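A.B. asks: Fold the stuff below for me.
(2 chains, ligands or ions: 3)
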Amino acid sequence: MEKLLQVNNLSVSFDTYGGEVQAVRGVSFDVHKGETLAIVGESGSGKSVTTKALMRLIPQPPGRIKEGEILFEDKDLAKLSEKQMEKIRGKDISMIFQDPMTSLNPTMKIGNQIMEGLIKHQKMGRAQAKKRAIELMELVGLPDAANRVDQYPHQFSGGQRQRVVVAIALACNPKLLIADEPTTALDVTIQAQILELMKDIQKKTDSSIIFITHDLGVVANVADRVAVMYAGKIVEIGTVDEIFYNPKHPYTWGLLGSMPSLDSADEDLYAIPGTPPDLIAPPKGDAFAARNDYAMKIDFEQQPPMFKVSDTHYAATWLLHEHAPDVEPPATIQRRMQGFAQEAELKTKGDRS
Amino acid sequence: MARYITKRLIYMLLTLIIIATFSFFLMKMLPGTPLTMEDKLSEAQKEIILEKYGLNDPVPIQYLKYMGGLAVGDLGISFQFDNREVTDIIMDRIGPSMQLGAQALIIGTIIGMLLGLVAAIYHNGFLDYSSTFVAVIGKSIPSFIFAGLLQYFIALKLGWFPVALWGTWQHTVLPTVALAMFPIAIAARFMRTEMLEVLGSDFIQTARAKGVNKFGVVFKHGVRNALIPLVTVMGPLAVALMTGTLVIEKIFAVPGIGEQFVTSITTNDFPIIMGTTLFFSFFFIFIILVIDLLYGLIDPRIRLAEGEK
Ligand SMILES: Nc1ncnc2c1ncn2[C@@H]1O[C@H](COP(=O)(O)OP(=O)(O)OP(=O)(O)O)[C@@H](O)[C@H]1O
Ligand code: SF4
Ligand SMILES: [Mg+2]
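C.D. replies: Residues are numbered from 1 along each chain as shown, chains lettered A, B, ... in the order given. Ligands and ions are numbered 1, 2, ... in the order given. Below is the predicted model of the structure:
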């Protein structure tokens, strides 16, 4: 598959009074054309900072891209000027934010907010842009678009607003859509509708999506590949199947173990012990070592490299070193993994029938 | 909208009646009469005058007479100025005060907003600190000091504008500048705080993610959202500025209403006190109405709420 985006060794820091917060520490990943890459990880692991850095939306100061390349269609976005970035934002890469209640301008008509990108990037006149805005509103499933285009955000419900946000993001047919927890603030039925909408549109336009979420259930539903982030690093990356059925990193085990599933009502949910490390002074060895039941001596001294599991599956844990003892995931988590496998099988069967 | 405004106008009227009643009785409770200072008059002469102005009537009768006059727009006759109509006196004096106040308000608000905007855009930079410096100066140094400095340097030394008095537009320049320092400071401070808050909000990020440039982010998305708190503080300020400022009017020898008001209080000139109070109250309520309408213009959420009433 063709690569759309290639991120190499990206590091982002914030200079605060307390010191340099190393929010993202050497992250590398690719996004292929037409695929959906999910990024999962605890709060504060650097998911939003990573994706904002891709669009160069990190507030500067205090933030800065310390090093790394963001190769997007042979351009290194990390090195472009603000003017050049303005031409890419909203046109080639666009973003959907978490909270639809605050991500629209309360004093600007919905239509104008959708039209803004069209007028800027596609050089449309106002009349033409408005027509297109109405089409987009219909595309994202907002009824009575011709009238509602002149309304203000407070006249829309949360789910409708998120549809508007999706319409804004899609206005110029971006090649890459970044969705930062686009459904977290919505109730479950609306969540499903928005996800359905995004999948639908992706099929029609063949765009790529980076999907940030806390919800592993959503990951299984929408993603092709998954990157697991911990303390500013990607600790495991692979296809959905590889991450769900054959996870290698103890942190991924913990995440899967703490994920509630439909039939796990009576099971004990696993909670990863401890808290993430301080990113002002990250530990010398593996950042997860202090919370890891399987940690070995080397874990406190050296950071593990990315070990290759398969062509598509990599994990940064010393457990994959050839001299490491064989460690199996804890029994509860193994049960969960089997559960996922069964669920998935049921699903594929269901799809076929 | 028309219905809303009509309703507001009726409330205004009621408020004015209540204010008139209160100030009437409060004034009656003040010690002394307009003749307290007139030592040259004999008791009999005073009695004649009191009788002539109806000041010997029982208070409720006086009240009814006054309100009756008010209903037909008659504010009564001044005790001290050759029996001139109060309405005339106020109208004569209010012109210069209003003009100075309005000029200072408009110029001050515009300059202040620009300063605040620049400060917010270049947050923590040199321009931010400079604009904050100007704001602190404008807020902490009293206007009569500026007035003195302006008179000395601009008028006396440079001779660009007249030192004082009233007549041509040149006469208005220095008092306007002296008065404008305060609105500049207030507008700059509010604009900066609000703009910083707005620039940090989610929808600004959405706008930037669309590719909107810095200019568009600030002016198309930012300013309008930052204006609401500013409008709130500018209202009372508008009233304070436009109803005459004693000090500035004295320094620049402007024939404004500020001085008039104070003199009328020291001489117990009841009709003038009442008339001016009512006029100021009317003006204040009117400004509140204007502000409420402005809110609606700026913020569509407020507009809808009003439409539903
Ligand atoms: N403006 C900032 N100044 C200082 N530190 C920041 C700033 N923005 C983010 N950080 C830090 O960067 C780290 C990563 O934050 P980020 O928002 O990327 O987390 P996240 O993975 O998106 O979490 P969540 O799931 O809660 O959204 C956090 O430790 C956070 O404190
Ligand atoms: S490298 Fe060591 S500490 Fe880190 S996850 Fe692997 S085993 Fe645990
Ligand atoms: Mg986040």
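
A.B. asks: From here on, just use CA atoms for contacts and neighbour counts.
C.D. replies: Noted.

A.B. asks: Could you pull up the contacting residues of the residue of the stretch 151-300 of chain B found nearest ligand 1?
C.D. replies: For the stretch 151-300 of chain B and ligand 1, the shortest gap (CA to the nearest ligand atom) falls at B:G200, measuring 10.2 Å. Listed by CA atoms under 8 Å, 6 or more residues apart in numbering or on different chains, the contact set of B:G200 is empty.

A.B. asks: What about it? Give its phi and psi, please.
C.D. replies: B:G200 adopts backbone torsions of phi -90, psi 0, taken as degrees, to the nearest 10.

A.B. asks: Give me the pLDDT value at it.
C.D. replies: What the model reports for B:G200 is a pLDDT of 88.

A.B. asks: In chain A, which residue sits furthest out from the middle?
C.D. replies: Each residue of chain A has a distance to the centre, and by CA atoms, centre = their mean the biggest one is for A:A127: 35.1 Å.

A.B. asks: Make sure it is indeed in a helix.
C.D. replies: Yes - under the criterion used here (DSSP: H, G, I helix; E, B strand; the rest coil), A:A127 sits inside a helix.

A.B. asks: What's the separation between it and chain B?
C.D. replies: A:A127 sits 19 Å away from chain B, taking CA to the nearest CA, to the nearest Å as the criterion.

A.B. asks: A:E20 too?
C.D. replies: For A:E20, the distance to chain B (CA to the nearest CA) stands at 19 Å.

A.B. asks: Now name the helix or strand holding that residue.
C.D. replies: strand A:19-32 (DSSP states H and E).

A.B. asks: right, and the helix or strand after that strand?
C.D. replies: As assigned by DSSP H and E, the chain's next helix or strand after strand A:19-32 is strand A:36-40.

A.B. asks: ok, is that next one in contact with ligand 1 or not?
C.D. replies: No - Strand A:36-40 does not reach ligand 1 (CA under 6 Å from any ligand atom); its nearest approach is 7.9 Å.

A.B. asks: Does anything pack onto that strand? Which helices or strands?
C.D. replies: Contact here means 3 or more CA pairs under 8 Å, 6 or more residues apart in numbering or on different chains; DSSP states H and E; on that basis strand A:36-40 packs against strand A:208-212, helix A:216-222, strand A:225-230.

A.B. asks: avg pLDDT for the helix or strand where A:W253 lies?
C.D. replies: Assigned by DSSP H and E, A:W253 belongs to helix A:250-257. Across helix A:250-257, pLDDT averages out at 86.

A.B. asks: Next one, pLDDT for residue 260 please.
C.D. replies: Since you didn't name a chain, this refers to chain A. In this model, A:P260 is scored at 67, pLDDT.

A.B. asks: my bad, the chain I had in mind was chain B
C.D. replies: pLDDT for B:Q260: 76.

A.B. asks: Repeat that for A:R291.
C.D. replies: pLDDT at A:R291 comes out at 86.

A.B. asks: next one: A:A315
C.D. replies: On the pLDDT scale, A:A315 is placed at 86.

A.B. asks: tell me the contacts of it?
C.D. replies: Applying CA under 8 Å, 6+ apart to A:A315 gives the contacts A:V235, A:E236, A:I237, A:K248, A:H249, A:M306, A:F307, A:K308, A:V309.
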